[in-house]
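> Kindly generate the corresponding structure for this input.
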Amino acid sequence: MSLVRLTIKGISYSQTQNGAYALILSEVEGERKLPIVIGAFEAQSIAIALEKEIKPPRPLTHDLFKNFADRFEIVVKQVIIHKLVDGVFYSSIICERDKIEEIVDARTSDAIALALRFKAPIFTYKNILDKAGIFLKTETKKSDKKASKKADAVIEELIQGDDKESRKPSSQNYSKYSRKELDQMLKEAVANEDYETAAGIRDELSKR
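Just a heads-up that it's a prediction; the model follows:
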């Protein structure tokens, strides 16, 4: 089976369910996207690694793993999403230490959060992409609006119908705050290590 390299396209949030996220992976040499439902903690950990705008005062779990691996000279070489069963993706982390390669089983969300921190490539098998890959239009032209709405509906249905990874709902409504107020609230949430609140504020900022 041939491997297909993936990049992270972004993180989509549910319009109707707070705390529900889908990680959108895109094939490097193609147009298909692979949406994977993830939990709120993993979503914010991936977002922090992607944007590098939020600097936690202390390391998150994935940062701790990276520091631990660096201390003992363990390198994550690549991540492979190798299996899809009943809507659940299974992944492996390919590590190396002292020129000895090891394969470690991991949840896909954790594996990708670590791949970002190690700058390691992400792969999946062609048959998985053939089975679960979808086409998402990102253009905003009139001719693409129908396809874009359909893609949003696909992601929304995916998030609502799959709760394989735990997530915590958030009841806070941030729409009444100004951007300046949200920026300040985000800084305070990070300083207090309240990353669930930080994720909610970041989502509101992203929507704007």
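
> which one in the chain is furthest away from the centre?
residue 98 (30.3 Å; CA atoms, centre = their mean).

> what bridges to residue 83?
Partner residues in beta bridges with residue 83: residue 90, with DSSP bridges as the criterion.

> mind listing what it touches?
The neighbours of residue 83, taking CB atoms under 8 Å, 6 or more residues apart in numbering as the test, are 89, 90, 128. (Each C-beta comes from the backbone N, C-alpha and C, glycine too.)

> And for residue 106?
Under the criterion of CB under 8 Å, 6+ apart, the neighbours of residue 106 are 79, 91, 92, 93, 114.

> Helix, strand, or coil at it?
For residue 106, the assignment made with DSSP: H, G, I helix; E, B strand; the rest coil gives strand.

> So it versus residue 81, what's the distance?
From residue 106 over to residue 81 the distance is 10 Å, taken as CB to CB, to the nearest Å.

> still on that earlier bit, quick one: which two of the contacts of residue 106 are the most distant?
The most widely separated members of these, counting by CB to CB, are 92 and 114 (11.6 Å).

> can you list residues touching both of the two?
If you check residue 92 and residue 114 against CB under 8 Å, 6+ apart, the residues they both contact are 79, 106.

> which one of those two has more residues nearby?
Ranked by neighbour count (other CB atoms under 10 Å), residue 92 and residue 114 place residue 114 first, with 24 against 19.
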